[in-house]
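Participant: generate a structure from the sequence data that follows.
(one chain, ligands or ions: 2)
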Amino acid sequence: MQRTLVKDALHSESAQPALLVQGWIRTRRDSKAFSFVEINDGSCLKNLQIVVDATLPDYAKIEQLTTGTAISVEGKLVPSQGKEQKWEMVATRVNVLGPADQTYPLQKKGHTLEYLREIAHLRPRSNLFGCVLRVRSRLAYAIHTFFQERNFVYVHTPIITSSDCEGAGELFRVTCFDPAKPPPLLDGKVDHTKDFFGRPTYLTVSGQLEGEILACALSNIYTFGPTFRAENSNTSRHASEFWMIEPEMAFCDLAGNMDLAEEFVKYLIQDFLTHCREDLELFLRFVDKELLQRLEFVLNRPFKRVSYTEAIDILVKSGKTFEFPIQYGVNLQSEHERFLTEEYFKCPVTVFNYPKEIKPFYMRANDDGKTAAAMDVLVPRIGEIVGGSQREERLDVLQENMKRHKMNAENYSWYLDLRRFGTVPHAGFGLGFERMLMFITGVGNIRDVIPFPRTPGHAEF
Ligand code: 4AD
Ligand code: MG
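Facilitator: Ligands and ions are numbered 1, 2, ... in the order given. Okay, the predicted model is just below:
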C-alpha cells in the first residue's frame, strides 16, 4: 500500500477504507478499550489521532509505546468523535519501526529554545521547529516565484572567491596549506602562489560583484545562496553562515531598486499569509501575539523613505540616549534602526544616500560629493533586512573609489572592464533570508530559523 502523509489524511475529502501512515509518536493515552496514539510525520503541524482497539493482536506491545517511537500503521480513516479534528484513523495493524526509550529528550512538555538548540538533531521534530522549517521551504519557493514571474534569471555565483566585496575584512580563508607546517614564504611573506588556487581565497561574503557581471549581460538576475562572514558579533541577528538573495538590475537606478525591494518584501509576506496559515497559528499562539497585526500593517502601507541625513536629524532630535551616540557620519546601529522603524515611523523605513565614507567602494557617488546612492530597508524588531545600492558605473569615479579604499586595482581588472565595455547604470540589493524568516515568523533569534546555525564558537552538528 502506498503511504499517505498525515497532512493529506487530515485534509481528506472522504472516509477511506484502507490507508497506510508512518510517523513518530507524539503522545499516547489509554482508555479501557482503546489506546489513542497521536502521530506526526512533519508534513504539517497537526497530529493524526490513531485509535487502537484493545482487541488488536499485540495490544500489550502497543500499550508500551512511548513518545518518539517510529511506527507504521494500517487502518481506515473515519470521521473523528472528538471535535479537535475532522478525521481520525482506526488501526488494523501497528508496526514498530524504531523504538525510542524514556530518555528521548523531546517529551511532551514544552522546552526552552536554548535547550532545543543543544539538541539540534532532534529539534526538527518539535512543533515550533517543524513550522519554521516548512515556512523556510515555502519562503525559498516564493522567492524563486517572485523573480521568475518577473523574468529575472537565476544565476549561480561562486562560493570560493578571491575578492572581498564588502571590504570589511570579515573573510573565512580557504587554503590547502597544512596548518601543521609553516607556509612557504617569498620575501618574508606567505607565498600564496604555492597554495591551491595560486592566490589568497575566501568563502564569499556576497555574490554581488559576479552578479553585476551577469546583470550586465542578462539585464535582470538574482542569486540565492549561502554567504559567510567571520564577524565576531554575538547577536540574535547575526550568523557566520547565512543565505542571501541578491537581485541585480541593469538599466536601473536607486529609486527603481528601492521599489523592487519593497515590492519583494511585501510579496513574501503575502505569500506566507496565504500559504502558511496553520504554521502562522502556532507562531501567533506561542511566539508573538502581534505578528499577524504587524504583517498586515506592513503590507497595507508604503514603506517610509528618508535620507540618511534626515534619519540622523530625527535621531539627534529624539533626545534619546543611545548606547552608541549618534551624529552625522556614523553607521546606524541596531538600536538606531529600531528606534526609527518601531518608535518614530512605526512602519518599515528605507534609508537612502549614506555618507560615502561608511559604505563600500562599489556604491555610486552622488552629485553632492558627500553621499553614495545606498539604501537599507529597516523593519520593526529586526532593523536592517535589506542592504543595497546603485553601483558606480563610471570608470574614473570607480577607480578613484578603489584608491580611497586602498584596493589593488589589478585584482579587480574584470570588474573595471565592465565599466570599459558597454557600461550601464545598474543597481541591486541583498535580502538576508534568515532575517526575513525571523520577520515573518516572529522568531526572535536567528539561531532558531536555521537548522544548524553557525555562530562564533558553534559548528557542531
Ligand atoms: O548589507 P549587506 O552586507 O549587503 C551586501 O552584502 C551587498 N553586497 C548586497 C547587494 O547589494 N547585493 O548584506 C545584505 C543583507 C543584510 O541587509 C542582512 O539582511 C543580511 O544580508 N545579513 C546578515 N544576515 C545574517 N547574519 C549576518 N551576519 C548578516 N550580514 C548581513
Ligand atoms: Mg548592510
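Participant: what's the spacing between the residue nearest to T157 when sequence neighbours are not counted and V386?
Facilitator: Sequence neighbours aside, G207 is the residue nearest to T157 in space, at 3.3 Å (criterion: C-beta to C-beta, 6 or more residues apart in numbering). (Each C-beta comes from the backbone N, C-alpha and C, glycine too.) Separation of G207 from V386 (C-beta to C-beta, to the nearest Å): 15 Å.
Participant: same thing with G68?
Facilitator: For G68, the distance to V386 - C-beta to C-beta - is 41 Å.
Participant: higher neighbour count, those two?
Facilitator: Higher neighbour count among G68 and V386: V386, with 25 against 20, using other C-beta atoms under 10 Å.
Participant: low pLDDT regions in the stretch 101-250 of the chain?
Facilitator: Along the stretch 101-250 of the chain, segments meeting pLDDT under 70 are nowhere present.
Participant: ok, which stretches of it are strands?
Facilitator: Ranges of strands in the stretch 101-250 of the chain, per DSSP state E, counting those that start in this stretch, are 153-154, 160-161, 173-174, 185-186, 189-190, 201-203, 220-228, 241-250.
Participant: equivalent analysis for the stretch 251-400 of the chain, please.
Facilitator: 304-307, 349-355, 371-379, 383-390.
Participant: who touches I314 in this structure?
Facilitator: V306, L340, Y344 (C-beta atoms under 8 Å, 6 or more residues apart in numbering).
Participant: go with 10 Å
Facilitator: I314 sits next to V306, I326, H336, F339, L340, Y344, F345, V349 when contact means C-beta atoms under 10 Å, 6 or more residues apart in numbering.
Participant: might one say that the last one is in contact with L315?
Facilitator: No - V349 lies out of contact with L315 (C-beta atoms under 10 Å); the separation is 11.8 Å.
Participant: name the residues contacting each of the two.
Facilitator: E337, L340.
Participant: one step back: tell me the one of the contacts of I314 nearest ligand 1?
Facilitator: For the contacts of I314, the minimum distance to ligand 1 (C-beta to the nearest ligand atom) is 13.2 Å, reached by V349.
Participant: still on that earlier bit, looking at the strands of the stretch 101-250 of the chain, which is nearest to ligand 1?
Facilitator: strand 241-250 (3.8 Å).
Participant: close to ligand 1: what parts of the stretch 301-450 of the chain are there?
Facilitator: Within the stretch 301-450 of the chain, the positions near ligand 1 by C-beta under 6 Å from any ligand atom are E384, I385, V386, G387, G388, S389, G428, F429, G430, G432, E434, R435.
Participant: count of neighbours near the first one?
Facilitator: If I follow you right, that is E384. 18.
Participant: can you check the fourth one too?
Facilitator: In terms of burial, G387 registers 20 neighbours under the definition other C-beta under 10 Å.
Participant: the residue located most distally from the centre of the chain and F34, how far apart?
Facilitator: Residue farthest from the centre of the chain, counting by C-alpha atoms, centre = their mean, is T55 at 49.3 Å. In this structure, T55 and F34 are 10 Å apart, going by C-beta to C-beta.
Participant: over to Y412?
Facilitator: 71 Å.
Participant: do N300 as well
Facilitator: 49 Å.
Participant: who has more neighbours out of these two?
Facilitator: Neighbour count, other C-beta under 10 Å: between N300 and F34, F34 has more, with 18 against 9.
Participant: what packs against the longest strand anywhere in the chain?
Facilitator: In the chain, assigned by DSSP state E, the strand with the most residues is strand 16-30. The elements that strand 16-30 packs onto, with contact taken as 3 or more C-beta pairs under 10 Å, 6 or more residues apart in numbering; DSSP states H and E, are helix 6-10, strand 34-40, strand 48-53, strand 70-79, strand 87-98.
Participant: using CSV, write out the CA atom coordinates for the third one.
Facilitator: Output in CSV follows, covering the C-alpha atoms of strand 48-53 (Å, rounded to 0.1, in the frame of the first residue of the first chain):
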residue,chain,number,x,y,z
LEU,A,48,-3.2,12.3,13.3
GLN,A,49,-5.1,10.6,16.0
ILE,A,50,-5.0,6.8,15.8
VAL,A,51,-7.4,4.7,17.7
VAL,A,52,-6.0,1.2,18.5
ASP,A,53,-8.7,-1.2,19.8
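Participant: which residues touch Q49?
Facilitator: Here Q49 is in contact with 10, 27, 36-39, 80-82, 84-85, 87-90 (C-beta under 10 Å, 6+ apart).
Participant: and of those residues, the nearest to V153?
Facilitator: Nearest to V153 out of those is L10 (C-beta to C-beta; 38.9 Å).
Participant: distance of the closest one from F283?
Facilitator: According to C-beta to C-beta, L10 and F283 sit 20 Å apart.
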